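> got a sequence here, can you model it:
(one chain, ligands or ions: 2)
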Amino acid sequence: TVSRLAAFQGTIFAEMSELARVHDAVNLGQGFPDWDGPARMLEIAREQIAAGNNQYPPGRGFAELRHAVAHDRHSRGAGTFDPDEEVLVTVGATEAIAAGVLGLVEPGSEVILLDPYYDSYAAAVALAGARRVSVPLARDGHRFGVDLDALRRAITPATAMLVVNSPHNPTGTVFTYAELRGIAELAVEHDILVLADEVYEHLTFGPPHIPIGTLPGMRERTVSVSSAAKTFNVTGWKTGWALAPKPLLDAVLTAKQFLTYVGAGPFQPAVAHALRHEQAWVARLRDSLRGKRDRLSAALEAMGLTPAASDGTYFVCADVRGIGADDAVEFCRRLPTERGVAAIPVPVFSDHPQQWRTTVRFAFSKQDAVLDEGVRRLSLR
Ligand code: PMP
Ligand code: GLN
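Ligands and ions are numbered 1, 2, ... in the order given. Coordinates of the predicted model:
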């Protein structure tokens, strides 16, 4: 492995899912749902293959999907984008993130991540030959929030980009208007680009998701990223998108076309259908996940694991000191064999692992019977 990727061998998700598979553990680790998305959406993908939609889609993705993405954003006040010049279909949000960093950040410049952070950001920064600067979220009671003073202190003349992930993986924090406004003011003042990872934009359980690209001064400096994975229960379809004003999106496209050229064709009309016609399904998904959040949080609380507040995503974080563990990484490596459950240690998402030493992320995007079985196993003494 080349030196700039040496620190990135083997993702924690692959490691924990493999342990879960080998030990037949209840997988509350990797974030994916264990039930299917809207039936009509799935049917359209099958129909597309049968009808011969099996060759390369256009470079920016099928117009049908680009228009549906722009329509969906506009109709919920999440920004107005020209579907032909400001929307790009990508191979999941992961590719949009990588192409965004590769296309817009010069080697040697700095990218600020709010820590803990989704693992692909750090790898994308390393691929680009840029430098990552991480700013820890601050704990405020049961919530992890943005420390605007620390963020201000982290900005230097070399800062090129700031990655903002709300709703936030792994903490489940949904950033408030005040937090986003504070970030936006710093970005405008210091002329910094923002990459907004909004893959959990529809999965909020109380406070609403606010797209940072809609704040004053932000449209021209924001690349917004999302994906069908979490909204429609199709993490395996790897169909996502980036939205940005033309000069920024052209840079993302330049990188994207040489990463994958295009993504899979048959899924694109299916996702376009879902964006236009499956809002009621998504509302039910959100309600069901809220119930699962409550179910798992209450069980963790009862076990003494003091879960943090989760206002969105698939995840709730808990402190494993409550069951006598003092190292989340060790705890998660042993958990599949010792208790038949898999979870993700938060320190692996952090450049300040001491701060998260005893924090473990549990996914609740599972059927109730699976959650209950996971809880039963965790509770056994
Ligand atoms: N960003 C975050 C915060 C995620 O949790 C994930 C995982 N689903 C992704 C990006 C990647 O999304 P996709 O599967 O669409 O590439
Ligand atoms: N986004 C999912 C998570 O955070 C998993 C993605 C992956 O496996 N790379 O668990």
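
> make it CA atoms for all contacts and neighbour counts henceforth
OK.

> who's in contact with the nearest residue to D36 once chain neighbours are set aside?
Once flanking residues are discounted, D36 sits nearest to N233: 5.9 Å by C-alpha to C-alpha, 6 or more residues apart in numbering. Residues in contact with N233 (C-alpha atoms under 8 Å, 6 or more residues apart in numbering) are 32-33, 35-37.

> so N233, which state does it fall into?
N233 falls in the coil class when you classify it by DSSP: H, G, I helix; E, B strand; the rest coil.

> number the chain from 715, please
Fine by me, first position is 715 from now on; the one you just mentioned is N947.

> that one and ligand 1: what is the separation?
Using C-alpha to the nearest ligand atom, to the nearest Å, N947 is found at 10 Å from ligand 1.

> what do you get for A810?
On the measure of C-alpha to the nearest ligand atom, A810 and ligand 1 end up 8 Å apart.

> now Y832
Distance of Y832 to ligand 1, given as C-alpha to the nearest ligand atom: 5 Å.

> distance of that residue relative to S731?
From Y832 across to S731, the span is 17 Å (C-alpha to C-alpha, to the nearest Å).

> okay, those two: which has more neighbours?
Applying other C-alpha atoms under 10 Å to Y832 and S731 shows that S731 carries more neighbours, namely 22 against 19.

> next, the contact list for the more buried one, please.
By C-alpha under 8 Å, 6+ apart, the contact set of S731 is 741, 743-744, 1056.

> related to what we said a few turns ago, which two among the contacts of N947 are spaced furthest apart?
Maximum pairwise distance among the contacts of N947 (C-alpha to C-alpha): 11.8 Å, between F746 and G751.

> more neighbours, the two?
Remark: of F746 and G751, G751 carries more neighbours, 22 against 19, as counted by other C-alpha under 10 Å.

> secondary structure class for the more buried one?
Applying three-state DSSP: G751 is coil.

> that one reaches T949, doesn't it?
No. G751 lies out of contact with T949 (C-alpha atoms under 8 Å); the separation is 10.0 Å.

> averaged pLDDT, stretch 953-964. What do you get?
Stretch 953-964 shows a mean pLDDT of 98.

> quote the end-to-end distance of it.
OK, stretch 953-964 end separation, C-alpha to C-alpha: 19 Å.

> which parts of that stretch are buried?
Of the residues in stretch 953-964, 953-960, 962-964 count as buried by neighbour count, 16 or more other C-alpha atoms under 10 Å.

> repeat that for stretch 761-773.
Neighbour counts over stretch 761-773 (16+ other C-alpha under 10 Å) mark 762, 767, 771, 773 as buried.

> would JSON lines of the contacts of S731 with neighbour count and pLDDT be doable?
Shown next, in JSON lines, are the contacts of S731 (neighbours: other C-alpha atoms under 10 Å; pLDDT from 0 to 100):
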{"residue": "N741", "neighbour count": "28", "pLDDT": "95"}
{"residue": "G743", "neighbour count": "25", "pLDDT": "94"}
{"residue": "Q744", "neighbour count": "22", "pLDDT": "93"}
{"residue": "A1056", "neighbour count": "31", "pLDDT": "96"}
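
> nearest to ligand 2 among those residues?
Set against ligand 2, the nearest of the contacts of S731 by C-alpha to the nearest ligand atom is Q744 (3.7 Å).

> residue boundaries of the helices in the stretch 765-914 of the chain?
777-789, 806-818, 833-841, 862-868, 891-903 (DSSP state H, counting those that start in this stretch).

> pick the most buried one from those.
Comparing the helices of the stretch 765-914 of the chain by mean neighbour count (mean count of other C-alpha atoms under 10 Å), helix 806-818 comes out on top with a mean of 24.
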